[in-house]
Each structure stands twice: as structure tokens, then as C-alpha cells.
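Visitor: I would like to see how this sequence folds:
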Amino acid sequence: MSLVWGRYLTKKLLLQHLVANDGKEALAALARESFDLVLMDVQMPEIGGFEATAAIRQRERETGGYVPIIALTAHAMRGDFERCLAVGMDAYVAKPIRPQELFEAIERVLTGVHSLAQA
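Guide: Numbering: from 1, shown residues only. Here you go, the predicted model:
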């Protein structure tokens, strides 16, 4: 997801947001503060989205807590859906992102209806 598009969406939804430039920054931000939701780009430099999500879920097992994670991916290749589920992501949105699809995924994970679990 581009930085501009992400900022537009969060302003449209009246959300506060923090942008991490890579998976390493995302993990550091999550260690410093809590978030209601993570939009995780699957392909990031340093640490990719799958690896970052696995690290987040491991930290949660050790310390408690839970943050919903929505995967964002440009590839939507066969097996990506299953891989997202396996590492603990709660929803999956393929790029190009369609706003309505993203809004629905956000609503599902924030209300406890996990789209990957239902698939």
C-alpha cells in the first residue's frame, strides 16, 4: 500500500495512524505502543509481512494481548491466503485495494468476525 493511499484511507475513516517503512520498524512500533489494528504489507524490506506477523503473534503468546492484522498484498498468488492464515493474520486484501473491500475487512476484524477463519 502506498504511503499516500494509506494516509488517505485512515483520514477518511477518521483513524490515527503510524507508518512503518519496513517490518523492522513495524515490530519496533508495536513494542513501544499498542494499536487497534495493523495493516500489514506482505512484501516489505528488512522483515517481510509474514515474518513480522509471526513475530507479533509470538510476542503475544509470551506477553498476552492481541492486535488484529490485515494482510495487504499485490500478488494474490495461490497459497497466499493459506500462508496468511498460518502466520496468524486475520484478513486478507489484495492490491489494487478497493476501498469498500478494505473497509469491510477492517469492520470484520474489529468486530471479531475474522474473515480468514471463516474461509
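Visitor: just name the shakiest helix or strand of this protein by mean pLDDT.
Guide: Every helix and strand of the chain was ranked by mean pLDDT, DSSP states H and E. The lowest is helix 115-118, at a mean of 46.
Visitor: list the buried residues of the longest helix anywhere in the chain.
Guide: Ranked by residue count, the top helix of the chain under DSSP state H comes out as helix 49-63. Within helix 49-63, the residues scored as buried using 16 or more other Cβ atoms under 10 Å are 49, 50, 52, 53, 54, 55, 56, 57. Every residue, glycine included, has its C-beta placed from N, CA and C.
Visitor: run through who's touching it.
Guide: Outside helix 49-63, the residues within contact range by Cβ atoms under 8 Å, 6 or more residues apart in numbering are 23, 26-27, 30-31, 38, 40-44, 47, 66-67, 69, 71-73, 83-84, 87-89.
Visitor: now do stretch 28-40
Guide: By Cβ under 8 Å, 6+ apart, stretch 28-40 touches 1, 6, 18, 20, 26, 49, 52-53, 56, 59, 65, 67-72, 89, 106, 109-110.
Visitor: in strands, which of those residues fall?
Guide: 69, 70, 71, 72 (DSSP state E).
Visitor: pretty sure the third one contacts residue 93?
Guide: Spelled out, that is residue 71. Yes. With contact defined as Cβ atoms under 8 Å, residue 71 reaches residue 93; the gap is 7.0 Å.
Visitor: who has more neighbours, these two?
Guide: Legend: neighbour count by other Cβ atoms under 10 Å for residue 71 and residue 93, higher for residue 71 (26 against 20).
Visitor: surely residue 24 is within a helix?
Guide: Yes. The assignment for residue 24 by DSSP: H, G, I helix; E, B strand; the rest coil puts it in a helix.
Visitor: where in the protein is pLDDT low?
Guide: Applying pLDDT under 70 to the chain picks out residues 1-16, 75-76, 113-119.
Visitor: what do you get if the cut-off is 80, keeping everything else the same?
Guide: Within the chain, the segments meeting pLDDT under 80 span 1-18, 74-80, 113-119.
Visitor: show me where it has helices.
Guide: 3-12, 23-32, 49-63, 80-87, 99-110, 115-118.
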